[in-house]
Structures are given as C-alpha cells and as structure tokens.
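sharing a sequence plus its predicted fold:
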Amino acid sequence: MSVGTEHDVAVPTLIPPQLPALLFGSRRSYSCRPPGPERPPGLGWLPVRQEQQQQQPQPQQMQQLRQQINNKNSTSSNRRITPTASGDKGSNGSTSCRPAVDILFKAIGGTGIGAGAGGIFCGPSHALTVRLWPLPGRKVSVPADEKHQKTVLIMMSNTGGGHKASAEALQQAFQEKYGDKYKVLIVDMWKEHTPRPFNNMPDSYSFLVHHGMLWRMAYHSIQPRAVHIPYLSAMYAFVGKHLSDAFDRYDPDLVVSVHPLMQHVNCRALAARAKRLGRAAPTPFATVVTDFTTCHNTWFCKSVDKCFVPTEFCRQLGKRMGLSDDQLVLYGLPIRPVFDKKLPAKNTLRKKLGLLPDVPAILLVGGGEGMGKLQATVEQLDAKLQGSAQIAVICGRNKKLLQKLQSHRWPGGSHVVPCGFVNNIHEWMGAVDTIITKAGPGTIAEALISGLPILLNGNVPCQEEGNIPYVVDNGVGTFETDPVKIADIMAEWLHPDNREAFMHMAHRSKALGRPHAVYDIVHDLAHMADTLGVKARQLAQSCCRKKRHMQLEVRGLVAA
C-alpha cells in the first residue's frame, strides 16, 4: 500500500471488513496533513489537487504538529497513537498498529465515535478523498456561462392545424438560417405536461367546432379580461407545478407560444421557476399570433417580452389589451420557408403534378381532414365549366372521399386530379390560377404569397370569421358557401372577358403576401435568446455562486 510523502500522516484507503474488495474499482491511498493552527479544518470532501500535494510543510513544523497530536492523545482516555509514514514509534516505544477508521477519526478530530455518528457530529472531514463506500461524492454543478447550443421551446396545442404549421415554420426557419446553433423543440404543453382533465382539453376542440353553438359559448365566455384572468389563475393552481417541471426538463433559453392559451399560465410558471432557482428574471417569453384579425384576448399577456402580430388590426387589439409598442412587433404570419423559394415554371409544375399545361386550373382545398362540401363543389364546377377548367382536389386524410373522386366519371369532361394529404402544397399553389378554401389564416397567407385570388367557402366559428372581411375588403377574393354559386363565381373569374380584372386581383394578392415574415420573426427570436436568455442565466449563476459561498461559510463556522 502506497502512502504519501514521509512528512505526511498516512491514511490508507478505507475498506469496511464486511464488504468484499471486489466492490471497489480502485485500491488507492491518499495522504493528508493533520489539522493545525496554520491549516484549519477543510470544508467538505474535496479532491486533492496537485498544487496542494506539492505545498508540504517543513519537517520541523510537521514534528511539532505530531507532538501536539500525541500530547492530546496522552490526555485522552483512549490513548491512541498516530503512526507516521515511515513507521514512527509512539510514546510508549512500540510500533503503532491501529485500525484505519481510527486514523480517519484522528484526521477529522473524532475521539472514539462510531463510524456512522462520526460523519455526522465531527463536521467536514479533513481526509480529503478517503473513500468509505464505492460511491462517487455529491457534485454541485453550476451552469456554464453560455451553452454551446441554445434551446428554443415552441409551445403549441394541436387544436386545428394552423398552430402546428406555424410552429414547424419557425423551426424550419431556425434550421435554415442558423443551422445547429439553436435546438428548437415543438411541444404540446397541454397534452404532454398537464394532468387530467386538462390534458384532454385539445381533444374536445374538434367536437366543439362541429357544434357551433357550444364553441361560441366556450369562446366568448372567457373573452373578457375580467373573466379569463381569474379563470387562468385558477387553472395555474392545478397545472403550475407540472409546467414548472416541464421547463426544468427542457431548460429553455427562450419560450415561444403559438397558441392563445399558452401565455398567462406559462408566464406565471416561468416567474415562479425563476424565483425558485434564485434568478432575477424569468426565461424570456415571446408570443407569435397565428390569427389574422379575430384574435381572442388570451393571445395578449402583459408579461411577455415580445408579441409578434400578422396585421395592423391585431396590433391595435394588443395595444387595447395593455401591451406596449415595444412589445408589439408587426411582421406577418409565419409561413413555411419553402414559400419564399423560387419555383419552376408553371407548366413544369403542372407536368409534374399531372395537370394540363394550357387549361386554367382551380385548386380546391379541404384542409388536413378533407372537410367541407368538396364532392358537391367539384360536381357543380364540372357541370358549369364543361371542361373549360381543370380541378385539383386536396382531400387530406379523408381516404373515403379520395376513393370516390378517383372512381367518379365527370359528365362535363373536366380534368379532375384528386390527391390525399400532401407536403408540397406550395407546388400545387404555384401550378394553379385560383384557390377555393376555408378561411384558415395559414392557407390564406400561403395563397397571398403565391399570388392567387381566393374564394372562401367556409370558416371555423369565432376565430376565423374576421378573416373573411380581410380577404374581401383587400380585394383579393370573395366568400360563398353554396357549391352552385361557387361554380358561377369561378366561371365569371375565368371567363376570357374578365381576364384583366382577374389578373389585377392576383397582383393585389401577391402584394399583400409577406414571404419574409418567418425570417424576420426568427431573427428577433434568436436575438432574444442570445441577449435576454443569456442574461437570465448569468443572473442565475451569480445567485448560485453567492448561495454556494454562503453555504461554505456556514460549513466553515460549524467546523470551527
């Protein structure tokens, strides 16, 4: 067994006799100096550093320390002798041979206390890295000054496809603009990190939307600020702890919300988390509004750092809800970056997608679930246009409708191209001349970027109702739900005599689109993560260091 230098007190590795030596990965010895006036007791089980081992006392000082310990032992009832590294003889002239545990207690100042009690009542040990058990010591980690890869947490809820599409657009723009500098996570906070019955709330959305009166009651009942603030505060009492645990798990540098019910509760959870961690400021929070005009008041929370809105109407609504001009930023709706890329020529896209090159094309979109009167609309278009236009139908996940359209024979001779769920909707929009769709904000924004005149054939009650006048008042489309009248409008738009007016409407649509909005939003979000996010972590570090310093001072006082 190796020992320290000849001037140190040898402290062998302690292996309890009842445990087999195979449990220990290392059979090493460590050396330490006895406590003395010039060397106060150590603070905790700290590893021996190289510079500490090199700074050895002079032999005369070491002999004086040994003599002090021996004198103390001579007055003790137990009369223990401290062996030296070179096998010194004790005061009785015999070679010292004592258990290793006695040597440990002599190093920490114990006098015959049991092994369990000695670790409790004797204070921090001066035997710096003596291993009593084959377990690593406790480590207190302090966050680094700046993480190599910052984490951006985007919170959404799968209540309709628009929120998830906006979250994915932000994620793709981050990846395209910054590569791996940011780790962007998309999380359904209500579904994944809240207890029952709150995690079932997103599942009830589809049922409520299909029963318009129930949805209107639920939507308008929490619209007033005097109602939704207490309502969400009560909700925080049940889900706040779960959300705080989720934030601890993800440890984000920036939190982004793309859902109206993600602001107030999560801002409170982040504030409570910052207080619990000793931070002077919570993790920065940003809201990205994904509704064009009819925004629910829960979108706007005074505690957010930034709120990105798509239209001037939303900005004015945010100001009425108490947000400042510095908090509100108008860029547009975040649309997938692929819509900002240059597409091939229209005839090239038509050939790829199975469309005719020289016939006007209509795109009929039923959403992700293929909802609406799609089949009736196609039948009326075929009967009215009599093959003067072709129709591409996006059925989404509605496989039953897709099979019907594929097997149907069209008496008007129209070229109909039905397809299911697609990931290249930008190519379909680039290949057609006009679009028929419901009043979803995401599809409207994509159609505007593509320069398409828009015919709205339906809407979700409440939040999508304001999108209809946005399209009509800006002169880029109209609204109609009856399939017969829809066919009449399309026949009028595509008539050769109305070609000039139709092209003017397409140009207005193109001018109203904001293809760079997603990049502008991502640029500001990255700046928030690099400034406010880093600042919050630096404040947390100073608090952690101060707290750790106070703990060490308390330990020193207790050891003294």
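Yes, it's here. Residues are numbered from 1 along each chain as shown.

for the record, mean pLDDT for stretch 153-173?
Averaging pLDDT along stretch 153-173 gives 90.

just how off-centre is that stretch within its chain?
Taking CA atoms, centre = their mean, to the nearest Å, one finds the center of stretch 153-173 at 12 Å from the center of the full chain.

then stretch 275-290?
12 Å.

need the contact list for residue 149.
180-183 (CB atoms under 8 Å, 6 or more residues apart in numbering). C-betas here are computed from N, CA, C, even on glycine.

please check the residues you listed and keep the buried ones.
residue 182 (16 or more other CB atoms under 10 Å).

identify the farthest-apart pair in the contacts of residue 149.
Spatial extent of the contacts of residue 149 (CB to CB) is set by the pair 181 and 183 at 8.8 Å.

okay, and the common contacts of the two?
Contacts common to residue 181 and residue 183, judged by CB under 8 Å, 6+ apart, are 149-150.

where along the stretch 251-400 of the chain do the helices fall?
Assigned by DSSP state H, counting those that start in this stretch, the helices in the stretch 251-400 of the chain fall at 264-276, 312-320, 346-353, 374-385, 399-407.

can I get those in JSON lines with distance to residue 423, mean pLDDT and mean neighbour count?
Compiled in JSON lines, the helices of the stretch 251-400 of the chain are given as follows (distance: least, CB to CB, whole Å; pLDDT from 0 to 100; neighbours: other CB atoms under 10 Å):
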{"stretch": "helix 264-276", "distance to residue 423": "30", "mean pLDDT": "93", "mean neighbour count": "20"}
{"stretch": "helix 312-320", "distance to residue 423": "29", "mean pLDDT": "94", "mean neighbour count": "17"}
{"stretch": "helix 346-353", "distance to residue 423": "13", "mean pLDDT": "95", "mean neighbour count": "16"}
{"stretch": "helix 374-385", "distance to residue 423": "20", "mean pLDDT": "94", "mean neighbour count": "21"}
{"stretch": "helix 399-407", "distance to residue 423": "16", "mean pLDDT": "91", "mean neighbour count": "15"}
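
of all the ones you listed, which lies closest to residue 450?
helix 346-353 (11.0 Å).

pLDDT below threshold where in the stretch 251-400 of the chain?
Low-confidence segments of the stretch 251-400 of the chain (pLDDT under 70): 367-372.

wait, the stretch 1-150 of the chain
Residues of the stretch 1-150 of the chain that meet the criterion pLDDT under 70 lie in 1-147.

and what of the stretch 401-550 of the chain?
Using pLDDT under 70, the stretch 401-550 of the chain drops low at 539-549.

in which helix or strand does residue 232 reside?
Element membership for residue 232, per DSSP states H and E: helix 225-250.

now do that helix: distance to the chain's middle.
16 Å.

what angle sits between that helix and helix 264-276?
Relative orientation of helix 225-250 and helix 264-276, computed by axes from the mean of the first three to the mean of the last three CA atoms, to 10 degrees: 50 degrees.

for helix 225-250, name the packing helices and strands.
Other helices and strands packing on helix 225-250, by 3 or more CB pairs under 8 Å, 6 or more residues apart in numbering; DSSP states H and E, are strand 150-156, strand 182-188, helix 189-193, helix 264-276.

re earlier: make JSON lines from the helices of the stretch 251-400 of the chain and add distance to residue 219 to it.
Formatted as JSON lines, the helices of the stretch 251-400 of the chain follow (distance: least, CB to CB, whole Å):
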{"stretch": "helix 264-276", "distance to residue 219": "16"}
{"stretch": "helix 312-320", "distance to residue 219": "15"}
{"stretch": "helix 346-353", "distance to residue 219": "38"}
{"stretch": "helix 374-385", "distance to residue 219": "26"}
{"stretch": "helix 399-407", "distance to residue 219": "28"}
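
a markdown table for the helices and strands packed on helix 225-250, including distance to residue 354?
Shown next, in a markdown table, are those (distance: least, CB to CB, whole Å):
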| stretch | distance to residue 354 |
| --- | --- |
| strand 150-156 | 34 |
| strand 182-188 | 33 |
| helix 189-193 | 37 |
| helix 264-276 | 45 |
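
out of those, flag the one nearest residue 289.
Per CB to CB, nearest to residue 289 of the helices and strands packed on helix 225-250: strand 150-156, 12.8 Å.

counting contacts, what elements does the helix or strand following the closest one pack onto?
Heading C-terminal from strand 150-156, the first helix or strand you meet, by DSSP H and E, is helix 161-178. Judged by 3+ CB pairs under 8 Å, 6+ apart, helix 161-178 is in contact with strand 150-156, strand 182-188, helix 441-449, helix 517-528.

got a list of contacts for the third one?
I take that to be helix 441-449. Contacts of helix 441-449 (CB under 8 Å, 6+ apart): 161-162, 165-166, 290-292, 310, 332-333, 335-336, 339-340, 365, 367, 425-426, 429, 435, 437, 454, 464, 467, 470-471, 476, 509-510, 512-515.

good, wrapping up.
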